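J.: sharing a model that was predicted from the sequence below.
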Amino acid sequence: MTVKEIKEKLTKKAIVFETGGKRPTGELLESWIGSVRWQQEGESIPKDKSENNMIPIATIFLKDLPFLPLELSGIELVTIFMSKDIWDNLISDDLSPWFCIRTYHSLEQLVPCKYQTDMIKPFPLIPQMVENDYPCWDGGGIPEEIEDIILQLETTEGIDYFDDICENIYAQHKVGGYPAFCQSGYSFGNGYEFVMQISSDAKALFQIVDSGKFYFSYNSQKSDWKVYCDFY
């Protein structure tokens, strides 16, 4: 297998989000960090196990994006809330008990809301499609057989994964692509595929310990989420 063939095997599309950079519109299809702007009539801000209001983290519209992971097909909006108790539980392998992730298969019957938090400065998120997201080397999603070929090429031809194969590892908020792990990789489990990432964001004043990230995986058969976190 050549370097070109390896690149073709590994590269993935993703939607990456730029924080801010335009005047907010407040309209449907506008994604946000630090604010949840839409809900179904009758919904209210979710509460955690301690009966405290959860923290609004993001509004991510999937409808009309130029790319979506197969697992998210049919979902048009995702809103994400988090319990403040999460900071005491970050070493858990699955942080989903400290999240409320609402998915909407239609934008009809949505009503505006404005849930915000003092811990994040809210900004619109501007989506952009990329076609060259690559996995981290250490457990980031490279199949074992391809990893063996890369190691062989490093020995025989002097190539380097990051110099000659990997084009970009997108570390910002994104949908699709690969998880941009801070530490060594993590397996989300059978049936669960990585679909989304929320990252520390200097502009939004959102810091997950030390430049950390939340990684969201989804099991479309069970309509179930898992969440993992790592940081430097």
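T.: Nice, thanks for sending it over.

J.: list the buried ones in the helix ranked longest in the chain?
T.: In the chain, taking DSSP state H as the definition, the longest helix is helix 144-156. Buried residues in helix 144-156, counted by 16 or more other Cβ atoms under 10 Å: 146, 149-150, 153. (Glycine included, C-beta is placed from N, CA and C.)

J.: same deal with stretch 1-21?
T.: 6, 10-17, 19-20.

J.: which two among these are spaced furthest apart?
T.: 6 and 20 (36.1 Å; Cβ to Cβ).

J.: could I get the average pLDDT for stretch 109-121?
T.: For stretch 109-121, mean pLDDT rounds to 95.

J.: try stretch 165-181
T.: 96.

J.: thinking again about what came up before, want to try JSON lines for the buried residues of stretch 1-21, with distance to residue 86 as columns?
T.: What follows is the buried residues of stretch 1-21, written out as JSON lines (distance: Cβ to Cβ, whole Å):
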{"residue": "6", "distance to residue 86": "38"}
{"residue": "10", "distance to residue 86": "32"}
{"residue": "11", "distance to residue 86": "33"}
{"residue": "12", "distance to residue 86": "28"}
{"residue": "13", "distance to residue 86": "30"}
{"residue": "14", "distance to residue 86": "25"}
{"residue": "15", "distance to residue 86": "25"}
{"residue": "16", "distance to residue 86": "24"}
{"residue": "17", "distance to residue 86": "21"}
{"residue": "19", "distance to residue 86": "21"}
{"residue": "20", "distance to residue 86": "25"}
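
J.: return the subset of those lying in helices.
T.: Short answer: the buried residues of stretch 1-21 in helices (DSSP H) are 6, 10.

J.: helices and strands around the longest helix of the chain, which ones?
T.: helix 3-10 (3 or more Cβ pairs under 8 Å, 6 or more residues apart in numbering; DSSP states H and E).

J.: quick one, grab the pLDDT at residue 212.
T.: pLDDT, residue 212: 95.

J.: and residue 43, how many neighbours does it have?
T.: 13 (other Cβ atoms under 10 Å).

J.: got a list of what it touches?
T.: residue 102 (Cβ atoms under 8 Å, 6 or more residues apart in numbering).

J.: okay, now the unreliable bits of this protein?
T.: Applying pLDDT under 70 to the chain flags no residue at all.

J.: let's see 80
T.: Low-confidence segments of the chain (pLDDT under 80): 139-140, 185.

J.: the longest strand in this structure is where?
T.: strand 123-133 (DSSP state E).

J.: need the contact partners of that one.
T.: Counting by Cβ under 8 Å, 6+ apart, 11-22, 24-25, 30-34, 58, 60, 65-67, 167-170, 173-174, 176-178, 203-204 sit against strand 123-133.

J.: so it versus helix 3-10, what angle?
T.: Angular relation of strand 123-133 and helix 3-10 on a 0 to 180 degree scale: 140 degrees, by axes from the mean of the first three to the mean of the last three Cα atoms, to 10 degrees.
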